[in-house]
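> kindly return the folded structure for what I paste below:
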Amino acid sequence: MASRTSRHASAPRARRPERSAGRRRLPMRYLLPSLILVALMAMLMLRGYVHSEILADHRVRPPVSYDQVPDKILKGGPVIDTRSGRTTTLRVPDHRLVLTFDDGPDPTWTPKVLDVLKKYDAHAVFFVTGTMASRYPDLVQRMVDEGHEVGLHTFNHPDLSYQSKKRIDWELSQNQLALAGAAGIRTSLFRPPYSSFSDAMDNKSWPVTQYIGTRGYITVVNNTDSEDWKKPGVRTIIENATPKRGKGAIVLMHDSGGDRHQTVQALDRLLPGLQDRGYKFQNLTEALDAPSASTKVTGLELWKGKAWVNLVQASEKTTDALVVGIAVIGVLVFTRFGLMLLLSVLHARRVRRTGFRWGPVPITEPVSVLVPAYNEAKCIENTVHSLMASEHPIEIIVIDDGSSDGTARIVEDLRLPNVRVVRQLNAGKPAALNRGISNARHDLIVMMDGDTVFEPATVRELVQPFADPTVGAVAGNAKVGNRDSLIGAWQHIEYVMGFNLDRRMYDMLRCMPTIPGAVGAFRRSALERVGGMSDDTLAEDTDITIAMHRDGWRVVYAENARAWTEAPETVQQLWSQRYRWSYGTMQAIWKHRRAVVERGPSGRFGRVGMPLVSLFMILAPLLAPLIDVFLLYGLVFGPTQKTIVAWLGVLAIQAVCAAYAFRLDRERMTHLISLPLQQILYRQLMYVVLLQSWITALTGGRLRWQKLRRTGVVGAPGAIPRQPDRDSRDRNSNDRNSNDRNSNDRRPVG
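Reported below is the predicted structural model:
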C-alpha cells in the first residue's frame, strides 16, 4: 500500500454518554473478523479430521498368537456373528459371489466400479470409511440406489487392536453418522481395517471382534483375496478373484486407496466370464437369503447426519477456496516481486545515468511549501527549521487547522523570514491544503506533514521533474525516522521495500497510485484543473493522484527527495493509521471506478492502474496471511518438511527484494534481521486491518480521522531535534490553555 503519514482529526464532537457495562457491545468490525477467524480455524480442523490428518492412527499390529481364538472361528466362514454371545460363522453358498470393495468411496474409481457392476446387473458390498463417505455422499447414495449394500470400515481406518473400547465406539458411531448423512441409512455390517481371512484371527483381533458383536454388528472378512492393491496385473487379479470348483466366496477388492484401473479392467472381464459359468453376483444378505443389513434412519439421527455431511462439504469448499487463494496470492506475490525487481532496475538506470535531466533547464524558480498542522506542537518547530535549511528558494505556509495546543503560536514566535501562518477553524486536511493553495504565491507547490522533516536538498530534488511540462505531480521518498523500536523497524522495511520499490515500478508503468502526504509536489495548474484537494475520501493523497492521472498528467517518483516522518510507535496507533489508509484507498478506487470504461488518459489508468492497485494493494495483502495459515497447517498436519521449504522459499524471495530495495536507498542492511518476524506478525496485523476496512465498507460504516500522538523525536540525519526551553514550554502551556478557552471564538485569518 502506498506510503502516507498522519492525517488530521475532524472537529471534536460531543462525547456520547458511556453505556453501562451490561449494554456494551463488541463493534461489528471486531466481532466479524473474530467470527471469521474462528470459523476458518474450525473448517481447517474439520478438513484435517476428515482427511485423516487429525486423530489418525496408522499403526498396524504384527500377527501374534491365536491360542485364545475358538477353532470354529479359525476354521469357519468369512461372516462372523458374535452378537448376543454367539460364536458362529457363515459361508456363501456355491455359485454365489459377493464382491466387496474397501476404503471408498473414491471420486475417480468408485463411479467406474459402479458403472461396470451396473453394466452386468451385479450387486456388491462397499465397506466405506466415514472420512470418504462424508466427503463424497453422492456416491454412497448411488450405491444404495443401485441395490448395493454398504458396510462400515471405521471412520479413520485405524487398526482397532490398538484402540480402546471408547475409541472403537467413536469410530463406529462416526462412521454411522456419515452413512446417515450420505444415504439416510444405518448398517449392521462391519469389516475391520487390515483384516483378511478368518483363520488369520489372533489374540489381539479376536477380542475386538467379540466387542463389535456386542454393539450389534456382524463382522465380514473374506475368503478370496484378489490382491488388487498390489497391482499385479489384470490377469492375476482375475485369477485371484475366481473361486475354485464353483465354490461361493466373498472376494476382497478395493475402489479407493490409489490407482485402481487394473481393478476396473479386471471386473469388466471377471463378471461376464463367471456369469457364463453360472455365478450370481449378489450383495451379502441376498447371497445368504437373509434380511437386509440396512435400515432407514429418521428424525434427529437423520438431521444430525445431514448436518455433519453439510459441515464436511463446507469445510471441503472452504479449503478448496483457500487453495485457490494461496495460488492467487502466489501468482500475485511473484508477479509483483518480478515487476518490482525488473522495473526498479530500469528506473534506477534511467534516473541515475550520467547526464540525465528531466528537461532542458533545471528548475530554479521559488516554491511554496504547505505545512497543514493540527496539534503538532511537539513536531512543528523541527519541521519548520528543516525547511529553513532548504537549498532551494521557498516560502513556507503553515496552515493551522484549529489546533488547541498552540501550534500556530509556536511558529509565529520563531519569527522566521518567508514563513507565514494561516489559521482556520478545524475543517480537516483537504480543506487546510486548499486554503494553503489559495494563499500560495508560486506555481509549484510542495506539500508535507507537520510531523515530517526535510533534508536541505529535498525541495530541490522534488521539483526538478517539473522541467518536463507533462509532469503534474511528483512523489518523494518518505522514510521512517523513528526506526529504533521493533515496530519502527518493521515500518522502515515496509517503507523502503513495499513503498519505494512500488513507486519505481508504478513510475515505469505510468500509474503511480499515491503521492505520499509527507513529501509530494504539484503543479498549481494541474491542481486547479482537477478541482484541488477533495474530502470525498479518507485518502486524499490517493484521490488527488488518481485524479491527476485521469486528467492526463504524468506522476513520477523522485528518489532523492527524502523526507523523514514519525511513524506510529504502538500497535494501536499503527492499527488506526493503516485502517484509515486501507479504507481510504478503497473509497478512492470506488470514487474513480468509471475510469475503467472511459477513454483517453482516464481509461488508460482505469484499465492499467486501477487493476494493479486493486490486486497489489487490496487483494494481495488480504490473501497474504494464507501463506502463514498453510505454514501452520503444514507444520501441524504435514508434510512438514515441504511446508517449511516452501515458506522459506517465499521468505528468501522477499529478502532478496528487500535487500535490493535497501541497496537502492543506500540503507543499512541490519534492519533486515527482523524481516522474518515482520512476515509472521506484521502481516497478520495488516490482514486484520484490511479485513476490518472491507467490513466497514460493506456494512456502510463511516470512519473518522483519529489524531496519532507524536513525540517530536524525528529529525533529518545529522540534525539534532530542537527542544523548547523552559520559558518556551511554559508559554506553550499557557497558549494551550488560552486556546482551549477561546476555541469557539477563533476566526480564520490569513
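> list the buried ones in the longest strand along the chain?
Longest strand of the chain, by residue count under DSSP state E: strand 554-565. By 16 or more other CB atoms under 10 Å, the buried positions in strand 554-565 come out as R554, V555, V556, Y557, A558, E559, A561, R562, A563, W564, T565. For the C-beta atoms, the positions are set from N, CA and C on the backbone; glycine is no exception.
> so which strand or helix has V613?
helix 610-613 (DSSP states H and E).
> go on, G488?
helix 486-493.
> who touches the residue sitting nearest the centre point of the chain in this structure?
The residue lying closest to the centre of the chain (CA atoms, centre = their mean) is L623, at 3.2 Å. Applying CB atoms under 8 Å, 6 or more residues apart in numbering, we find L623 in contact with G325, I326, V328, I329, L332.
> circling back to that earlier point, the helix holding V613: which residues count as buried?
For helix 610-613, the neighbour count (16+ other CB under 10 Å) marks M610, L612, V613 as buried.
> need the pLDDT of P721.
If you check P721, the pLDDT there is 41.
> turn the buried residues of strand 554-565 into TSV, including pLDDT and distance to Q491.
Formatted as TSV, those follow (pLDDT from 0 to 100; distance: CB to CB, whole Å):
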residue	pLDDT	distance to Q491
R554	95	29
V555	96	24
V556	96	24
Y557	95	19
A558	94	21
E559	92	19
A561	94	19
R562	93	16
A563	94	14
W564	92	13
T565	90	10
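> closest one of the residues you listed to D259?
D259 lies nearest to Y557 out of these, by CB to CB, at 55.4 Å.
> for Y583, see how far away the closest one is.
According to CB to CB, to the nearest Å, Y557 and Y583 sit 25 Å apart.
> one more: K479?
The value you get for K479 to Y583, if CB to CB is used, is 25 Å.
> also I237?
63 Å.
> please apply the same query to H95.
According to CB to CB, H95 and Y583 sit 76 Å apart.
> so those two - more neighbours on which side?
In this view H95 and Y583 are compared by other CB atoms under 10 Å, and Y583 has more residues nearby, 24 against 14.
> pretty sure the more buried one sits against T696.
Yes - the pair Y583 / T696 is scored as a contact, 5.7 Å apart, by CB atoms under 8 Å.
> packing partners for the helix holding G488?
Identification of packing neighbours for helix 486-493 by 3 or more CB pairs under 8 Å, 6 or more residues apart in numbering; DSSP states H and E yields strand 471-480, helix 571-591, helix 675-677.
> average pLDDT for the longest one?
pLDDT averaged over helix 571-591 equals 84, rounded to a whole number.
> same thing with the shortest one?
For helix 675-677, the mean per-residue pLDDT is 83.
> show the subsequent helix or strand relative to that helix.
From helix 675-677, the next helix or strand downstream (DSSP H and E) is helix 683-698.
> what residues of that following helix count as buried?
Residues 683, 685-696 are the ones in helix 683-698 that count as buried (16+ other CB under 10 Å).
> from L270, how far out is the residue of the chain most remote from its centre?
No residue in the chain sits farther from the centre than R245, which is 62.8 Å out by CA atoms, centre = their mean. Using CB to CB, R245 is found at 17 Å from L270.
> and for V656?
Distance from V656 to L270, by CB to CB: 59 Å.
> more neighbours, the two?
L270 (27 against 12).
> need the next SSE after the helix or strand hosting E381, C-terminal direction.
Assigned by DSSP H and E, E381 belongs to helix 380-388. Downstream of helix 380-388, the first helix or strand assigned by DSSP H and E is strand 394-401.
> what angle do that following strand and helix 380-388 make?
160 degrees (axes from the mean of the first three to the mean of the last three CA atoms, to 10 degrees).
> let me know the secondary structure of D169.
Recorded secondary structure, D169: helix (DSSP: H, G, I helix; E, B strand; the rest coil).
> okay, it and E53: tell me how far apart.
Applying CB to CB to D169 and E53 gives a distance of 22 Å.
> quick one: which of those two has more around it?
Remark: of D169 and E53, E53 carries more neighbours, 17 against 13, as counted by other CB under 10 Å.
> okay, the more buried one: pLDDT?
Value for E53, per-residue pLDDT: 76.
> which stretches of the stretch 601-750 of the chain form helices?
For the stretch 601-750 of the chain, helices defined by DSSP state H, counting those that start in this stretch occupy the ranges 610-613, 620-623, 625-637, 640-664, 675-677, 683-698, 726-742.
> of the ones you listed, which is nearest E395?
helix 726-742 (24.5 Å).
> any idea of the mean pLDDT in that closest one?
42.
> neighbours of H254, how many?
Residues near H254, counting by other CB under 10 Å: 21.
> you'd agree it is up against D228?
Yes - assessed by CB under 8 Å, H254 is found in contact with D228 at 5.8 Å.
> what do these two both touch?
With CB under 8 Å, 6+ apart as the test, H254 and D228 both reach R260, T263.
> follow-up on the earlier one: reformat the helices and strands packed on helix 486-493 as a markdown table; add distance to G355.
Shown next, in a markdown table, are the helices and strands packed on helix 486-493 (distance: least, CB to CB, whole Å):
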| stretch | distance to G355 |
| --- | --- |
| strand 471-480 | 19 |
| helix 571-591 | 37 |
| helix 675-677 | 37 |
